[in-house]
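>>> Predicted structure and sequence below. I'll ask about it afterward.
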Amino acid sequence: MAALTRSQATAIGATTILNWALLATLTQLSGPVPLFLLTGLAFGIAFLCFLAWSLGRRESFIAPLRQAPSVWALGVGGLFGYHALYFVAQQNAPPANAGLISYLWPLLIVLLVGLLPGERLLARHVVGGLLGFAGAALLIGGDLGGGGSVLGYGAAFACALVWSGYSVLSRAKKAVPTAAVGGFCLATALLAFACHGLFEATRWPQGIQWLGVIGLGLGPVGSAFFTWDIGVKHGDLHLLGLLAYATPLLSTLVLIVAGYAEATPLLALAAGVITLAMLIGSGALARRGKRTPPARPDPI
């Protein structure tokens with residue numbers, strides 16, 4: 001891959017948010033397929049796409065997979081670990097509560113990236129991250145009286161730690177090619193199929209449901225992980241963490257357009273809060289406040 005500038009890598013990483021915005025709608029379209037089976041199918045499709053891409057470019061698909069065990073542990077732990085923990089959280093705590101706690105990961109990225117060499121954690125990053133989480137809370141909601149177990153809430157928080165840790169640690173391994181994600185997808189698919197065989201009853205997608213499954217494998221559970229890898233390794237990780245808060249907002253909008261949800265006043269409020277978070281965290285407001293002094297006329 002040709003060398004990318006920081007802004008180009010950030011733009012590629014930002015397309016991941018658009019991909020993830022389709023996750024809820026495509027999951028609805030896929031029907032009541034068991035979660036581990038759905039994960040295995042989607043990641044399997046993602047690997048097949050990677051394989052076709054490599055063969056089409058006449059590149060070895062084996063070479064990028066020759067990575068150290070620590071790289072495999074990070075990649076598979078991030079992709080499979082996040083999804084497995086998310087399922088445990090959803091099954092052992094109120095879904096809204098579990099979803100909100102697991103969605104601490106963008107804020108954790110904003111905070112953790114400041115620990116990396118050459119990175120700084122500024123006040124605007126923290127303020128933007130907190131505002132973004134507040135906007136997500138307005139959308140996702142929660143049920144304080146909904147009960148739930150320590151296992152469910154613990155798994156939800158572990159979700160946030162796993163994905164933020166995966167994203168930040170991936171930046172420390174810039175030398176690992178993005179093509180290695182193809183191998184992580186294959187390993188994740190195999191583990192998901194194994195969990196399906198152990199814990200779930202098989203129910204294959206039917207008819208149009210396959211379009212949802214294929215869509216997941218091509219987008220939110222496929223190409224999204226490749227573009228995210230480029231973004232977190234070579235782009236502005238602080239900004240990507242803040243942009244990630246647009247995911248639940250865009251996801252809700254897509255659900256409304258697809259007829260799976262209805263617009264509410266909270267949607268407009270959350271949109272305003274998340275937009276403000278991005279403007280503050282990215283420094284856009286600060287830059288607008290600093291007006292460039294007029295240029296002095298040349299002496300005659």
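On my side now, so go ahead. Keep in mind the model is a prediction, meaning the values are calculated, not measured. Numbers count the residues shown, from 1 in each chain.
>>> Can you give me the separation between the residue nearest to Pro106 when sequence neighbours are not counted and Ala201?
Spatial nearest neighbour of Pro106, excluding adjacent residues (C-beta to C-beta, 6 or more residues apart in numbering): Ala244 at 3.9 Å. The way it works is simple: take the backbone N, C-alpha and C, and place the C-beta from them, glycine included. Distance, Ala244 to Ala201, by C-beta to C-beta, to the nearest Å: 34 Å.
>>> Which one of those two is surrounded by more residues?
Comparing Ala244 with Ala201 by neighbour count (other C-beta atoms under 10 Å), the higher total belongs to Ala244, at 27 against 7.
>>> Check what pLDDT the more buried one gets.
Ala244 carries a pLDDT value of 89.
>>> wait, what's in contact with the closest residue to Val221 other than its chain neighbours?
Nearest residue to Val221 in three dimensions, chain neighbours excluded: Ala42, at 3.8 Å (C-beta to C-beta, 6+ apart). Shown in contact with Ala42 (C-beta atoms under 8 Å, 6 or more residues apart in numbering): Ala189, Val213, Leu216, Gly217, Val221, Gly222.
>>> With neighbour count, secondary structure and distance to Leu269 added, can I get those residues in a markdown table?
Formatted as a markdown table, these follow (neighbours: other C-beta atoms under 10 Å; DSSP: H, G, I helix; E, B strand; the rest coil; distance: C-beta to C-beta, whole Å):
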| residue | neighbour count | secondary structure | distance to Leu269 |
| --- | --- | --- | --- |
| Ala189 | 24 | helix | 39 |
| Val213 | 24 | helix | 34 |
| Leu216 | 25 | helix | 30 |
| Gly217 | 24 | helix | 34 |
| Val221 | 29 | helix | 30 |
| Gly222 | 24 | helix | 33 |
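>>> Just name the closest of the residues you listed to Ala258, please.
Closest approach between the contacts of Ala42 and Ala258, by C-beta to C-beta: Leu216, at 14.4 Å.
>>> if we can go back for a sec, got a list of what the residue nearest to Pro106 touches?
Neighbouring residues of Ala244 by C-beta under 8 Å, 6+ apart: Ile17, Trp105, Pro106, Ile109, Gly132.
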